[in-house]
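> starting from these lines, generate the structure:
(one chain, ligands or ions: 1)
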Amino acid sequence: MLGLSSYHSFHLSSCCESLIAFENVEQLRAALNNASRYYLLGEGSNTLFVEDFAGTVLVNKIKGISSTTTETAVHLQVGAGENWHKLVTYALENGYHGMENLALIPGSVGACPIQNIGAYGIEVADFIESVECINLATFETQQLTHEQCQFGYRDSIFKHSLAGKVVITQVNFKLPTNYTPVTTYGELAALNNPGPQDIYDEVIRVRQKKLPDPAVLGNAGSFFKNPIIGLGQYEQLLNIHPGLPAYKVDDHRMKVPAAWLIDKLGFKGKTLGEVRCHPTQPLVLTNLGNACGEEVLQMARQIISSVKQRFAIELEPEVRLIAKHGLTTL
Ligand SMILES: Cc1cc2nc3c(=O)[nH]c(=O)nc-3n(C[C@H](O)[C@H](O)[C@H](O)COP(=O)(O)OP(=O)(O)OC[C@H]3O[C@@H](n4cnc5c(N)ncnc54)[C@H](O)[C@@H]3O)c2cc1C
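The predicted structure follows:
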């Protein structure tokens, strides 16, 4: 058995039967031929191996960045195994602007469309022109347009009808040359006429202040998604909890910060064994050093059930929980 601690950012000490890194489609095909059960991994920053995995972990290392420029936009073609933050930095250094709000989000480029990563008022879908994948049934290359990806809040077709059916090999981005900074969200609103470098620096500064560094304290970022509830339910809750913050999704739905709900229930700083609800960001669960999968699951279940009892809201995990036979639920 092979330890997976260094392959996922929560650093649980679970194992797998074998691990193969692939750098191209031929190597992926050979690995799949030899694996009866497998789990596809990027950088493991949205994955928790809560038990030993009885199969092969396949790690995407397909690299490469190329670009083409037109009068109105820069187009980037990026291998799925590239690191996301390095891509944001590369784009900034080359004068391709727009993605700075997404600086320092951990993970691979290949995983970014799956949950449509987002931060500080921007989602990666804003820049994705198309996604190239290998269909695991036919081994044919498939290209999905932006529309075909069906992006939503932390969501895309890769979590639904294409879940487990494709391997993303390349993501194609389009960055319009008429750059307009997005500074509506959080601390960015306080910046005075910022350029892309200012936004990049501020996002990094704020993230480093608020979020634990997974290299120091194992975590997988936000453990739960921010729940979306109906306007009627939101208004009822607001009567009972006048401070309840929310963001409008559309005319009928509001998004509520899960961190606020968890904080109200007093979970901030609470520990269960070696798992702690982070003191400055209760949406993040951390591994104090020797956490085991069962402790993570127990803490997450306690939070879900308390939120449901008090607010009648069902929290859903944002992270992927992998047990002995693959994806599992709470
Ligand atoms: C400290 C911290 C902060 C974070 N902040 C944010 C944030 O601000 N916003 C945000 O949206 N997310 C955030 N995240 C979550 C995480 O960064 C993203 O989900 C990221 O896209 C995960 O990339 P990964 O390569 O590590 O994915 P992995 O965990 O390796 O994989 C995630 C899922 O994608 C699948 N997958 C991976 N690669 C491929 C591929 N090439 N083809 C098909 N399927 C694939 C895997 O099977 C798995 O189901 C944060 C995480 C951490 C640890």
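> please compute how far stretch 296-316 lies from its chain's middle.
Stretch 296-316 sits 20 Å away from the centroid of its parent chain (C-alpha atoms, centre = their mean, to the nearest Å).
> what score does the residue in the stretch 51-200 of the chain that the ligand sits nearest to have for pLDDT?
Nearest residue of the stretch 51-200 of the chain to the ligand: G107, at 2.3 Å (C-beta to the nearest ligand atom). To be clear about C-beta, it is placed using only N, CA and C from the backbone, and glycine gets the same treatment. G107 is assigned 98 on the pLDDT scale.
> count of neighbours near it?
The number of residues packed near G107 is 21, by other C-beta atoms under 10 Å.
> any idea how far R320 is from it?
12 Å (C-beta to C-beta, to the nearest Å).
> surely I303 is within a helix?
Yes - the assignment for I303 by DSSP: H, G, I helix; E, B strand; the rest coil puts it in a helix.
> hmm, it is touching F267, no?
Yes - here I303 reaches F267: they are 6.0 Å apart, a contact under C-beta atoms under 8 Å.
> apart from its chain neighbours, what residue comes closest to F267?
Closest residue to F267 apart from its sequence neighbours, by C-beta to C-beta, 6 or more residues apart in numbering: C277 at 4.4 Å.
> actually L327, sorry about that
Nearest residue to L327, sequence neighbours excluded (C-beta to C-beta, 6+ apart): R320, at 6.3 Å.
> tell me the bridge partners for that neighbour.
R320 has these beta-bridge partners by DSSP bridges: T47.
> and for it, the neighbour number?
Using other C-beta under 10 Å, R320 has 21 other residues around it.
> what about it, distance to G218?
To G218, R320 is 15 Å away according to C-beta to C-beta.
> do the same with K86
In terms of C-beta to C-beta, K86 sits 22 Å off from G218.
> between those two, which one's more packed in?
More crowded of K86 and G218, by other C-beta under 10 Å: G218, with 23 against 11.
> just checking, that one touches N287?
Yes - under the criterion of C-beta under 8 Å, G218 makes contact with N287 at 3.4 Å.
> find residues that contact each of the two.
Common contact partners of G218 and N287 (C-beta atoms under 8 Å, 6 or more residues apart in numbering): F10, H11, L12.
> what comes up buried for stretch 89-96?
Using 16 or more other C-beta atoms under 10 Å as the burial criterion, the residues of stretch 89-96 that qualify are T89, Y90, A91, L92, Y96.
> let me fix that: stretch 311-323
F311, I313, L315, P317, E318, V319, R320, L321, I322, A323.
> before we move on, back to that, now for G107 and R320: what residues contact both?
Both G107 and R320 are in contact with N46, where contact means C-beta under 8 Å, 6+ apart.
> give the contact list for the one residue in the stretch 201-330 of the chain that gets nearest to the ligand.
As assessed by C-beta to the nearest ligand atom, the ligand sits closest to G221 within the stretch 201-330 of the chain, at 2.5 Å. Residues in contact with G221 (C-beta under 8 Å, 6+ apart) are S9, S45, N46, I105, P106, L211, V284, E318, V319.
> quick one: end-to-end distance for stretch 97-113.
Using C-alpha to C-alpha, to the nearest Å, the end-to-end distance of stretch 97-113 comes to 19 Å.
> next: stretch 102-119.
Termini of stretch 102-119 sit 6 Å apart (C-alpha to C-alpha).
> measure the residue nearest to F267 to V296 for me?
From C277 to V296 the distance is 11 Å (C-beta to C-beta).
> give the residues shared as contacts by the two.
Common neighbours of C277 and V296 (C-beta under 8 Å, 6+ apart) are L285.
> would the helix or strand where R310 lies count as contacting the ligand?
Element membership for R310, per DSSP states H and E: helix 293-311. No - Helix 293-311 lies apart from the ligand when judged by C-beta under 6 Å from any ligand atom; the minimum separation is 13.8 Å.
> same check on stretch 3-20?
Yes - contact of stretch 3-20 with the ligand (C-beta under 6 Å from any ligand atom) involves S9.
> contacting residues around that stretch?
Residues outside stretch 3-20 that contact it (C-beta under 8 Å, 6+ apart): 1-2, 27, 31, 35, 39, 41, 43-45, 47-59, 106, 214, 218-221, 287, 290-293, 296.
> in the stretch 151-300 of the chain, where is pLDDT below threshold?
Counting by pLDDT under 70, the stretch 151-300 of the chain contains no low-confidence range.
> before we move on, the earlier item: which residues touch the residue nearest to F267?
Shown in contact with C277 (C-beta under 8 Å, 6+ apart): I262, F267, K268, G269, K270, T271, V284, L285, T286, M299, I303.
> can we see that at 6 Å?
Applying C-beta atoms under 6 Å, 6 or more residues apart in numbering to C277 gives the contacts F267, K268, K270.
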